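Engineer: After the sequence you'll find the predicted model.
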There are 2 protein chains.
Amino acid sequence: MPRDEVLSEEAMGLLERGRRRLISEIGVEFLHDGAVEHFRRAGQAVDGNVVRLDPDFVLAQVDAAPAQFDLLARNPERTIHVGGRHMFFAPTQGPPFVRIGDERREGTLADFEQFCRLSQVFDVLDTPGGLCCEPNDRPLDSRHLDMLLAVQTLTDKPYMGAVITAEAARDTIAMTDMLLGPHTRNSARVYAVVNANSPLRFDTRMIEAMMVYAEAGEVNVITPFLLMGAMAPVSTPAALVQQTVEALAGLCLTQLVRPGAPVILGSFLSHTDMQSGSPGFGGPESALGLLCSGQIARRFGLPWRAGGGFLTSSQLPDAQAAYEGMNTMLPAFLAGANYVEHAAGWLESGLVASFEKFIVDIEMLRVLREDFTPLEVDEASLAFDAHAEVGYGGHFFGAAHTLERFRDCFYRPLLSSTENFERWQKRGGQDAVERAARIWQESLERYEEPPLDPATREQLEEFVTRRRVELGD
Amino acid sequence: MPRDEVLSEEAMGLLERGRRRLISEIGVEFLHDGAVEHFRRAGQAVDGNVVRLDPDFVLAQVDAAPAQFDLLARNPERTIHVGGRHMFFAPTQGPPFVRIGDERREGTLADFEQFCRLSQVFDVLDTPGGLCCEPNDRPLDSRHLDMLLAVQTLTDKPYMGAVITAEAARDTIAMTDMLLGPHTRNSARVYAVVNANSPLRFDTRMIEAMMVYAEAGEVNVITPFLLMGAMAPVSTPAALVQQTVEALAGLCLTQLVRPGAPVILGSFLSHTDMQSGSPGFGGPESALGLLCSGQIARRFGLPWRAGGGFLTSSQLPDAQAAYEGMNTMLPAFLAGANYVEHAAGWLESGLVASFEKFIVDIEMLRVLREDFTPLEVDEASLAFDAHAEVGYGGHFFGAAHTLERFRDCFYRPLLSSTENFERWQKRGGQDAVERAARIWQESLERYEEPPLDPATREQLEEFVTRRRVELGD
C-alpha cells in the first residue's frame, strides 16, 4: 500500500527549519550529568543540564543508527524484523486499571498474566510488550521481575524491558541472557520504551534506563508523549517539531553511549480537551499528526513507532471506542508505522485495560492487516468463465468458480456478526461487547503455554527470588 | 490529501483488458426494447436484449458526459458542485425498518420526515437523498409523492429523485419545476440512483427511470450493487471489472438518450458471508474494493460515487457498527469519492435506519472531514515563542500562544466524551448510544423549517393531491 504524504515539500522545509532552530537555540534538558558529559565531549553546547545540538551533528547520529534489525525471540519463528515496510504490534501498555464487563478495578498480576496469554494466542500481536496492566498487588520495587517472568514464560515472543530504574533495566538484560543464552548478547533482544519528560526534558530515571539498554545494544523506542495544550503548544506543526527534536536528542545520547545502538523513533501526539483539561484521543488532530509524523520519520530512514494504536477516550468499549480507535490505527497504517503499541485493550485514555476491548481491537487489527494486503490481479482472478457460466441476472452461488473458492475467498471475522435479525435475536441478541466477553474467555481456554527448558525456568525463578529479597520485598 | 493508488499499472492494464473483453464478448442485457434500439442505431451488436459494446465506442460516450457540474438547490448556498475534488454526502437510503433505542419496527412517513429534519440540521450532510427510510404507512403507488414533498419542504438542499417507475420520475421532474422554476430546466437539479440488476442486466423500470432523467438533463448515478458470491464472482478483480462494465453500459444509454447528460459512475461492492449466505459489510474486501474502484473511476475523469458510507452488518449501533463503518468511509475518502450515500443512520446491512446510529455517523463524518483537511504550516504555527516561554519540563496551559488559540484550536466533538471516569459516572455513565439518543432529540428541537414561498408550497401540495387520486390512492 502506498504511504500517504500529506505535507508539501514547502511544509516539510518549514518544519525542518523549525526543528533545526529548536534543537540548536532552545535545546533539550538532560537531568543526568553523565549524559550531559557525553554531549560536552562530543562538542555540543552545554549550559547546566541543557544541551543545544548542532543540527548536522544530529543527522550524523541518525546515520549511525541501523535502518533495520532483528528483535530476537526465544521461538525463532517469532523473531521480529524491525524497519523497512514491516510492522509489529503490542497490546496496550501501562494501565493501572482493568475492566471486565461492568467491573472496573485495579489491575493485578493475574490480569497481567491473562493479557500475556491472550497476546500469545493471537498471531496478529507480535509481542506482549512488558506492562499489559499494572500488577498493583505486587510490591512496587520488584514487580518488574514478576512481569518479566510472565512475558518470558507465558509467551515465546520478544518482549519489552523495564525502564523504571537502571537496576530494573539491568535485571531485564540479565534475565534475557538466561532465556536466550549469553551468545545472543549484542543482538537486539528486548526493546525499551523511553518517554521524554516533555517539553524538552529527559528525566534521570529514563536516561539511566536508556543508557543501560543502549550500552547493551538493546533497542530504545524514544517516545515524546505529547498532549497538545499540556506538554506541547496547541498547534500540530509546533508539536511535530518538538516531537522530532525530543526523539532525535534521545537518539543522539544512545549513539554517544554506543554508536550503532538500535533505536526506534517514537511519536505519541494527541490533544487536550480545552474545556475539561482531559486528554483526548482518536480525534482528527492525532490522525493527521500521525500521517505527518510518519512522513517526517521516513526522512531519517529509521524504524518509527506510531503513537497508537486503538486509542480512545471512551469509558466503555462502545461505538466511540471503536471509531476513535480506527481513526488512530488506520492512519498509523497509512503513515507506514513500524511499531504500534496499544493495539489491543486500550480504554479510557489509557487508564484501563479492557478484556472485551482487547477482542474488539484484535478484530479491527485483523481487518486492517487484510485492508493493507495488496490485491492480486491475474487472469484467473478475472473469472471470465464464471461470467460466461452465469450470464445476465443470475447468481454466482453455484458457479464452478465460487465452489472452488468459497472456503477462503473472504476474510473470516472473529467478532463481527452478519446474522440476520431473527437468527441473531434467537441466539441472544448480543452486542459486540457481549460476544467479545465470550471470545476472550474461549481464547484463554485454547491457550497453551509454550515449552521452556526446565533448567532455564528454574534459573529465571531463582534469579527473581534472589533479586526480590535484594530489593527488600 | 493524496488519493491512494493501490493498483499497479500492470494490474490496471489487466483490469482494462478484462473490461474490454467482458463488455464486448458477453455484454449487458437491457430489458427494454427502446434502450436496445438506441444501441442498435449507434451501431452496437444487438442479440435479443443483449448488447455487446465496442470498447472504444464506450470511451467516446464517457467523453461526452460532463466531468463536473452543479446540482441546484432552492437555497443557492446549498447548491452542490459535483466532481473534481468535491465530496457530497447523503444519509442512508432505502431501509424498510427504523430503530430507536431498543425499538425496531417498520418505518413510517413520520420517521422519514424526522430524518429529513436531521439532514437539514447537520451541515455535513449535503442532501437528505430521497428515501431516508421506507414510509410503509403510505400507499405504495403514491408514496414517492409524499417523500418528494417532504424533502422539498423540510430541507432546502438538493434531493434525490424517485426511480420506482417512469411516472414517478416524471412526477419528480414536475415537482422540481414547481420548486425551482421552469427556467432551471436543463440544469442538473435532482439525482437518481439507478441500480443495475446485476450481473450484467438492467431491468425495465430502472431503464425507464434512467431514460426519463437523462432526457431531462438530470443526474443518473449508475450503480451496480455487487455482493461478491451472489451478484458477482467471489474475486475482487472480477467484481471490479463487472462493476465498471455495468456502470459504463448504463452511462452509454444516458449519452445515447441525451449526449452530455450528467452522470455519476456508481460502485457498491461488498461480499456474501459464505457460511450464512448473508451480506457482509465493512470488511477488508469492500475497503480494498473501494480504493481500487476510485482509482479505476479516476481514469474515466467522471464524478464517482463510492459504495458507502458507514456500512455495517451489525444489528446495533455498537463497536462493530462503528469499526465497520469507519473501515468503509475512511477508504471512501482515501479513494477520492465525489458522492457518498449511507453516510448517516445505516444499520443491519441496510435494513434499518437507526436514529442513534445517525448521530454516531455524523460524529464520524465530522472527524473524517477534519482528518482530510490539509494541515497549515507557517511560521506562526511553529510556536517558537511558546517554547521560549515554557522551556524545559513545563506546561503550555497558560502560555500566551495557548490563551490566544484555546477556543478553536482543536476539533469539538458532538458525541465523543473525554470526561474522566468519576465525572462521567456521576453524570449517568452513558455509553455513546445513550448520548446519541439525547443528541438527535435535541437536534430536532433546534430544527427550523426553511422558508418557502406559500404559493409554491400550495402548488406542490395540489399536485401531490391530484396525482395521488390519479394513481388510485
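Structural biologist: Yep, it's here.
Engineer: Please count neighbours and contacts with C-alpha atoms only from this point.
Structural biologist: Noted.
Engineer: Pull the number of nearby residues for A:Phe406.
Structural biologist: 17 (other C-alpha atoms under 10 Å in any protein chain shown).
Engineer: If we ignore the residues flanking it in sequence, what's nearest the closest residue to chain B within the stretch 151-300 of chain A?
Structural biologist: In the stretch 151-300 of chain A, no residue comes nearer to chain B than A:Ala238, which is 4.1 Å away by C-alpha to the nearest C-alpha. In space, and not counting its chain neighbours, A:Ala238 is closest to B:Leu382: 4.1 Å by C-alpha to C-alpha, 6 or more residues apart in numbering or on different chains.
Engineer: Also A:Gln430?
Structural biologist: A:Trp424 (7.6 Å).
Engineer: Also A:Ser349?
Structural biologist: Nearest to A:Ser349 is A:Ser313, by C-alpha to C-alpha, 6+ apart, at 4.4 Å.
Engineer: Quick check: that neighbour vs A:Gly282, distance?
Structural biologist: Taking C-alpha to C-alpha, to the nearest Å as the measure, A:Ser313 falls 7 Å from A:Gly282.
Engineer: between these two, which one's more packed in?
Structural biologist: A:Gly282 (29 against 26).
Engineer: What's the separation between A:Arg74 and A:Ala188?
Structural biologist: To A:Ala188, A:Arg74 is 12 Å away according to C-alpha to C-alpha.
Engineer: Those two: which has the busier surroundings?
Structural biologist: A:Ala188 (21 against 18).
Engineer: wait, isn't that one in contact with A:Gly217?
Structural biologist: Yes - applying C-alpha atoms under 8 Å, one finds A:Ala188 in contact with A:Gly217, separated by 6.1 Å.
Engineer: what residues do the two have in common as contacts?
Structural biologist: A:Pro262 (C-alpha atoms under 8 Å, 6 or more residues apart in numbering or on different chains).
Engineer: For the stretch 1-150 of chain A, what lies in contact range of chain B?
Structural biologist: The stretch 1-150 of chain A has residues A:1-2, A:4-7, A:11, A:14-15, A:18, A:22, A:26, A:28-29 near chain B, with proximity defined as C-alpha under 8 Å from any C-alpha of the partner chain.
Engineer: Any chance of a ChimeraX selection covering the buried ones in the residues you listed?
Structural biologist: Only the buried entries of the residues of the stretch 1-150 of chain A next to chain B go into this ChimeraX selection, using 16 or more other C-alpha atoms under 10 Å in any protein chain shown:
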select /A:1,4,5,6,7,11,14,15,18,22,26,28,29
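Engineer: residue ranges for the strands of the stretch 201-350 of chain A, please.
Structural biologist: A:201-202, A:219-223, A:226-228, A:263-265, A:269-272, A:279-280, A:305-306, A:339-340, A:346-347 (DSSP state E, counting those that start in this stretch).
Engineer: residues making contact with stretch A:352-364?
Structural biologist: A:91-92, A:95-101, A:122, A:124, A:132-133, A:310, A:317, A:322, A:326, A:343-347, A:413-416, A:432-434, A:436-437, A:439-440, B:319-320, B:323.
Engineer: Tell me the buried residues within those residues.
Structural biologist: By neighbour count, with 16+ other C-alpha under 10 Å, those hold A:91-92, A:95-99, A:101, A:124, A:132-133, A:310, A:317, A:322, A:326, A:343-347, A:414-416, A:432-433, A:436-437, A:439-440, B:319-320, B:323 as buried.
Engineer: Among these, name the ones in helices.
Structural biologist: Mapping the buried ones among the contacts of stretch A:352-364 onto helices (DSSP state H) picks out A:Ala322, A:Met326, A:Ala432, A:Val433, A:Ala436, A:Ala437, A:Ile439, A:Trp440, B:Ala319, B:Gln320, B:Tyr323.
Engineer: circling back to that earlier point, got any residues that touch both of A:Ser313 and A:Gly282?
Structural biologist: Counting by C-alpha under 8 Å, 6+ apart, the common neighbours of A:Ser313 and A:Gly282 are A:Glu324.
Engineer: Give me the neighbour count for the closest residue to A:Thr236 other than its chain neighbours.
Structural biologist: Sequence neighbours aside, A:Gly289 is the residue nearest to A:Thr236 in space, at 6.6 Å (criterion: C-alpha to C-alpha, 6+ apart). Using other C-alpha under 10 Å, A:Gly289 has 28 other residues around it.
Engineer: And the pLDDT at A:Gly289?
Structural biologist: What the model reports for A:Gly289 is a pLDDT of 95.
Engineer: got a list of what it touches?
Structural biologist: A:Thr236, A:Leu240, A:Leu269, A:Ser270.
Engineer: Does the first one touch A:Glu285 like I think?
Structural biologist: Yes - counting by C-alpha under 8 Å, A:Thr236 does reach A:Glu285; the two are 7.2 Å apart.
Engineer: These two - which one has more neighbours?
Structural biologist: The neighbour count for A:Thr236 versus A:Glu285, taken as other C-alpha under 10 Å, is higher for A:Thr236 (27 against 24).
Engineer: per-residue pLDDT, that one?
Structural biologist: On the pLDDT scale, A:Thr236 is placed at 97.
Engineer: A:Tyr339 is in contact with A:Trp304, isn't it?
Structural biologist: Yes - A:Tyr339 is within contact range of A:Trp304, at 6.4 Å (criterion: C-alpha under 8 Å).
Engineer: neighbour-wise, which of those two wins?
Structural biologist: The neighbour count for A:Tyr339 versus A:Trp304, taken as other C-alpha under 10 Å, is higher for A:Trp304 (31 against 27).
Engineer: Please name the nearest non-neighbouring residue to the residue nearest the centre of chain A.
Structural biologist: For chain A, A:Glu341 is the residue whose C-alpha lies nearest the centre (C-alpha atoms, centre = their mean; 1.7 Å). Spatial nearest neighbour of A:Glu341, chain neighbours left out: A:Ala90 (4.8 Å); criterion: C-alpha to C-alpha, 6+ apart.
Engineer: Distance to A:Met210 for the contacts of A:Gly289 - can I get that in JSON lines?
Structural biologist: Compiled in JSON lines, those are given as follows (distance: C-alpha to C-alpha, whole Å):
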{"residue": "A:Thr236", "distance to A:Met210": "27"}
{"residue": "A:Leu240", "distance to A:Met210": "22"}
{"residue": "A:Leu269", "distance to A:Met210": "21"}
{"residue": "A:Ser270", "distance to A:Met210": "24"}
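Engineer: What subset of those residues is buried?
Structural biologist: Buried among the contacts of A:Gly289 by 16+ other C-alpha under 10 Å: A:Thr236, A:Leu240, A:Leu269, A:Ser270.
Engineer: State the number of residues packed around A:Phe358.
Structural biologist: So A:Phe358, with other C-alpha under 10 Å, has 27 neighbours.
Engineer: Out of the ones in helices among the buried ones among the contacts of stretch A:352-364, which comes closest to A:Cys116?
Structural biologist: Checking these against A:Cys116 with C-alpha to C-alpha, the nearest one is A:Trp440 at 12.3 Å.
Engineer: what's the nearest residue to the closest one if we skip its chain neighbours?
Structural biologist: Nearest one to A:Trp440, counting by C-alpha to C-alpha, 6+ apart, is A:Ile359 at 6.5 Å.
Engineer: A helix includes A:Gln459, no?
Structural biologist: Yes - under DSSP: H, G, I helix; E, B strand; the rest coil, A:Gln459 sits within a helix.
Engineer: and it, what does it touch?
Structural biologist: A:Gln459 touches A:Met178, counting by C-alpha under 8 Å, 6+ apart.
Engineer: that's a helix at the residue nearest to A:Gln430, yeah?
Structural biologist: Yes - counting by three-state DSSP, A:Trp424 is part of a helix.
Engineer: pLDDT score for it?
Structural biologist: 97.
Engineer: neighbours around it, how many?
Structural biologist: A:Trp424: 16 neighbours (other C-alpha under 10 Å).
Engineer: before we move on, what about the one 4 residues further on?
Structural biologist: Applying the criterion other C-alpha under 10 Å, we find 9 residues in the vicinity of A:Gly428.
Engineer: Now do it against chain B, distance only.
Structural biologist: Applying C-alpha to the nearest C-alpha, to the nearest Å, the value for A:Gly428 to chain B is 12 Å.
Engineer: Before I go, just wanted to say thanks for your time.
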